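**Q** Build me a model:
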Amino acid sequence: MAEYEKHLYMTVFPINALVASQLDPYNFAEHYTIGSTKHFQGKVIFAEVDINYRHPYFDIDHYLEQTVPHPDGGPKKTKFICSYGVLEHVEYFVEPSGGGRLRWALAGLSRPELESYLVTHNLVLEEGQVAELRPDAEAVHSGHLAWCGKNAVALVLDYGYPARQLYNPRGRKAGSLVGYRGHSLVANVLSNPGGVDITAHVNFDDLSNAAAGLGWDRGQIRPLGAFLALHGALDLLPAGAARGEPLSPADWAELATAKKLLAPSGMAVDQKVLEQGKGPAWQAYCKLATPPPVDA
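**A** Predicted structure coming up:
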């Protein structure tokens with residue numbers, strides 16, 4: 001009887017499952033898209049998982065032992081190991097794929113802190129949900145605030161939300177990881193290694209918890225537009241705009257740039273400013289932070 005190499009695959013669409021198979025990736029995809037009517041036929045998204053991956057949640061060895069050729073000698077196409085809670089127990093990694101290219105790979109969680117992070121923030125990921133986790137963020141920010149001392153103000157400017165919004169599957173089931181090149185969005189962040197700026201949203205709860213742990217004010221999160229308006233950005237707009245006067249092309253260009261920063265439909269949607277502080281400096285800052293004259 002023919003010998004077939006065993007593989008582990010994680011399907012992401014149409015269902016999230018961990019599957020053992022004796023098919024190579026190409027034939028596994030072909031089986032799902034055009035050769036299988038038992039489980040699914042059509043589009044499929046999957047990734048191969050390291051065959052050495054093990055986690056107590058999955059009885060992988062048991063199902064690999066059952067992944068054997070059929071009596072007629074044909075390979076075992078699919079042996080479902082688990083079809084619930086799979087993504088919660090695997091982690092994406094980046095590895096070289098040859099020719100200077102990179103690709104995503106899947107394996108077990110590299111650190112137990114990743115699971116603890118979900119518990120700490122009371123997060124339950126849905127089937128197929130992808131999330132960027134930073135277990136060290138709170139400790140790193142604590143170090144920054146401790147360096148500032150007991151009489152200081154810290155302003156953190158970044159894209160992000162509190163955990164309940166950032167990890168809400170209705171808004172970001174695919175996560176927040178994106179790339180930018182030439183101010184244009186790049187969906188595949190691995191498409192041009194070294195030539196794409198990669199970013200992911202911040203969980204502001206990590207930074208708020210860090211402040212509270214050091215006796216700092218947990219702070220207030222403001223949309224970027226509101227923060228800039230609060231601190232005088234509107235006064236810097238072309239004077240003729242407020243009076244309804246004709247504007248020069250340069251003035252129109254300046255207004256268009258300002259709109260990206262101030263209008264809710266621009267960068268102000270996701271970009272936030274977290275204001276934190278401690279001591280007399282923070283008290284003085286809070287007195288100065290009066291509401292803006294108009295909504296940003």
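**Q** domains of the protein?
**A** Listed by automatic domain parsing, the domain ranges of the chain are 7-105, 137-288.
**Q** Format these as TSV; extra columns: distance to L118, mean neighbour count and mean pLDDT.
**A** Heads up, the C-betas are built off the backbone N, CA and C, glycines and all. What follows is the domains of the chain, written out as TSV (distance: least, C-beta to C-beta, whole Å; neighbours: other C-beta atoms under 10 Å; pLDDT from 0 to 100):
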stretch	distance to L118	mean neighbour count	mean pLDDT
domain 7-105	7	15	83
domain 137-288	9	16	86
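**Q** could I get the ones you listed as TSV with distance to T120?
**A** Formatted as TSV, these follow (distance: least, C-beta to C-beta, whole Å):
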stretch	distance to T120
domain 7-105	15
domain 137-288	9
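**Q** name the element W252 belongs to?
**A** If you go by DSSP states H and E, W252 is part of helix 249-262.
**Q** about what we covered before: specify the stretch among the domains of the chain that is closest to E113.
**A** domain 137-288 (10.4 Å; C-beta to C-beta).
**Q** So what's the gap between the closest one and the chain middle?
**A** The chain centroid and the centroid of domain 137-288 are separated by 16 Å under C-alpha atoms, centre = their mean, to the nearest Å.
**Q** End to end on that domain, go ahead and measure it.
**A** Taking C-alpha to C-alpha, to the nearest Å, domain 137-288 runs 29 Å from one end to the other.
**Q** Please apply the same query to stretch 58-71.
**A** Span of stretch 58-71 from end to end, C-alpha to C-alpha: 27 Å.
**Q** can you give me how far that stretch is from the chain middle?
**A** The answer for stretch 58-71 is 34 Å, by C-alpha atoms, centre = their mean.
**Q** who's in contact with it?
**A** Contact partners of stretch 58-71, identified using C-beta atoms under 8 Å, 6 or more residues apart in numbering, comprise 1-2, 4, 6, 8, 18, 20-22, 53-54, 75-76, 79-82, 89.
**Q** One more pass at 10 Å, please.
**A** 1-4, 6-8, 18-22, 49, 51-54, 75-82, 85-86, 89-90, 108 (C-beta atoms under 10 Å, 6 or more residues apart in numbering).
**Q** Paired strands for whatever helix or strand comes next after the helix holding W252, with orientation please.
**A** Using DSSP H and E, the helix or strand that follows helix 249-262 in sequence is strand 271-278. According to DSSP bridges, strand 271-278 forms sheet pairs with strand 152-161 (antiparallel), strand 217-223 (antiparallel).
**Q** I'd like to know which of those strands lies nearest to S191.
**A** Closest to S191 of those, according to C-beta to C-beta: strand 152-161, at 20.7 Å.
**Q** Show me the helices in this structure, by range?
**A** Applying DSSP state H to the chain gives helices spanning 25-30, 60-66, 113-120, 137-148, 163-166, 169-172, 204-213, 224-230, 239-243, 249-262, 279-288.
**Q** which residues does the residue nearest to D197 when sequence neighbours are not counted form a beta bridge with?
**A** Sequence neighbours aside, Y180 is the residue nearest to D197 in space, at 4.7 Å (criterion: C-beta to C-beta, 6 or more residues apart in numbering). Y180 has the following beta-bridge partners by DSSP bridges: L185, D197.
**Q** residues in contact with Y180?
**A** Here Y180 is in contact with 186, 189, 196-199 (C-beta under 10 Å, 6+ apart).
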